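Chemist: Got a predicted structure plus its sequence, pasted below:
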Amino acid sequence: MTVRTRFAPSPTGFLHIGGARTALYCWLEARHRGGQFILRVEDTDRTRSTDEAVQAILDGMAWLGLDHDEGPIYQTDRGDRYRAVAHSLVEAGKAYYCTCTRERLDTLRQASLDEGRKPRYDGHCRGRRHLEAGETAVIRFQNPDHGSVAFDDRIKGRIEWANEELDDLVILRSDGWPTYNFAVVVDDSDMRISEVIRGDDHVNNTPRQINIYHALGLEPPAFAHLPMILGGDGQKLSKRHGAVGVMQYRDDGYLPHALLNYLVRLGWSHGDQEIFSNQEMVELFDVANVNSAPARFDFAKLDWLNQHYLKTNNPAAIAPQLGWHLRALGIDPDSGPAPADVVVALRERVHTLKEMAERARIWYAPVEHWDSAAVRKHLGAATAPAALAAARKAFATLPDWSPEAIHEAIKLVSAELEVGMGKVAQPLRVAMTGTQVSPSIEHTVFLAGRDGALQRIDTAIERSAGAHAGEA
RNA sequence: GCUCCCUUCGUCUAGCGGUCCAGGACACCGCCCUCUCAAGGCGGUAACACGAGUUCGAGUCUCGUAGGGAGCGCCA
């Protein structure tokens, strides 16, 4: 039997981090076993579902590169099918019409709670196979009264429930639309899903669904319930923790693969391996190895992974994404150095592309802000004027404008002046950036461009003179 | 309240009865390297929730306790 998995979000918001991991695991399981991955949109709650949310989910999956083989299939397109199956269940004596009022149901629920029992429908309408003309009703599934339901969860192991714990759930609402527990069964069986991988908030629904499978004469698929992802404080993930849409991670400067790598290791492992290419994930992933305990989301590790990929990916591949972030900051990438060169200079110093774009700003516009401590300490140094002048002269005639050539030139200057590298590099650094922190000096100078570098040195020499005059 | 699930360093995890005075990674601390900041190298602190039981032997199996979580809708 070919493996078929599905990701079935309800379009009531963006694709958040938990959904993204579920989608990833479903995708990996399908790819690993050479099967198909199906995307299904569970939009039967028409009051909460929106087209924008559908688009946000599609965008998020596309950004992560989780491509589906079938779908998106919309449940709202399948109303007739659910109604037909629900009515067939009534005819088969396995479901019935229920006309109980909300008031009666509420009273019932409250009474159970007051007595310390689990709220449960009492079966009042059991046996109603027909409706009077004009009467509206829901259809309830008639759950078995005795015995138990069990299944072997691929992550949590065997789970068993007494049927006494379950009640007759509504499968078709009075508006003719199916409820979740019924729609999934019809869909998963129609779509020949072999493995249901979903959040473990669905564990409690599984026995009800299995009973429906049996009533329909169907064999249930395999189930794998993923533990949830918690915020860094161990609380349920909320917006302040990163429960934002995955597209926010793009905006914050994360590489999609870094997020994927982080997510795949959150709750799953393969020995001591931390870094996984897409191909390795597909080869090694097995849903049965997923941890059964919930995991906390840790930005520090995500940052580390993101930087790892920033450092090891081809700069040319990262350049367009840096360009995107530069533009987001209102910087024209064409007004300064090539983004790929910026990547090389900054990738060991930042964790995200956003941070990289912010720090790249100094090469796309003249120095505006001069750090006074930096000016005083380095432009005001006794050897600064001579160092700057010598460097300027060397740069002006450098045959090859490259970090390597610049590095050699600076070494030569420091040797000639008989001062340490720092005495040349630091004044230059302040000249280029207005601060005393930047990438290695040769890259910092290189990125300014020859003309830009000479200009910045001229400006700095004036300031240096001012600093010395101020002392005198 | 009831039912179900979960519990190894701060965090993610390895561990599938002896090779574990518990390994790796992130974070943190220290040293080295060094033109700043990083990156990198080396080293360090740090965990089997608790209690019984099974066993020659338990982080690993069983049962309790405690603590977390989920579900109990004409939401998904």
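Modeler: Now that the structure is in, tell me what you want to look at.

Chemist: Spell out whether the helix or strand of chain A with the lowest mean pLDDT and RNA strand B are in contact.
Modeler: Least confident helix or strand, chain A: helix A:450-471 with a mean of 79, by mean pLDDT, DSSP states H and E. No - judged by C-beta under 7 Å from any atom of the strand, helix A:450-471 makes no contact with RNA strand B; its nearest approach is 14.3 Å. For every residue, glycine as well, the C-beta is placed using N, CA and C.

Chemist: Would you mark the buried spots in stretch A:25-38?
Modeler: A:25-33, A:35-38 (16 or more other C-beta atoms under 10 Å).

Chemist: That should have said stretch A:309-320, apologies.
Modeler: For stretch A:309-320, by 16+ other C-beta under 10 Å, it's A:309-310, A:313, A:315, A:318-319.

Chemist: Distance from that stretch to the middle of the chain?
Modeler: Centre-to-centre, stretch A:309-320 and its host chain are 19 Å apart (C-alpha atoms, centre = their mean, to the nearest Å).

Chemist: So which of the buried residues of stretch A:309-320 reach RNA strand B?
Modeler: Within those, nothing lies near RNA strand B by C-beta under 7 Å from any atom of the strand.

Chemist: ok, so of these, who is nearest residue A:183?
Modeler: residue A:309 (39.1 Å; C-beta to C-beta).

Chemist: Surely the closest one forms part of a helix?
Modeler: Yes - assigned with DSSP: H, G, I helix; E, B strand; the rest coil, residue A:309 falls within a helix.

Chemist: Please tell me how far the most centrally placed residue in chain A sits from residue A:63.
Modeler: Central residue of chain A (C-alpha atoms, centre = their mean): residue A:246, 3.9 Å from the mean position. Residue A:246 is 7 Å from residue A:63, where distance means C-beta to C-beta, to the nearest Å.

Chemist: How about residue A:48?
Modeler: 24 Å.

Chemist: tell me the contacts of residue A:178?
Modeler: With contact set as C-beta atoms under 8 Å, 6 or more residues apart in numbering, residue A:178 has these partners: A:44, A:75, A:79, A:82-83, A:86, A:171-172, A:186.

Chemist: Try it again at 10 Å.
Modeler: Residue A:178 sits next to A:44, A:75, A:78-79, A:81-83, A:85-86, A:139, A:170-172, A:184-187 when contact means C-beta atoms under 10 Å, 6 or more residues apart in numbering.

Chemist: can you check residue A:66 too?
Modeler: A:7, A:15, A:20, A:23-24, A:26-28, A:31, A:37, A:39, A:60, A:256, A:260.

Chemist: same deal with residue A:219?
Modeler: A:189, A:210, A:213.

Chemist: For the second one, grab the count of nearby residues.
Modeler: Applying other C-beta atoms under 10 Å, we find 20 other residues in the vicinity of residue A:210.

Chemist: Isn't it up against residue A:189?
Modeler: No - counting by C-beta atoms under 10 Å, residue A:210 stays clear of residue A:189, with 11.7 Å between them.

Chemist: so what sits against both of those two?
Modeler: With C-beta under 10 Å, 6+ apart as the test, residue A:210 and residue A:189 both reach A:218-221.

Chemist: All set now, cheers.
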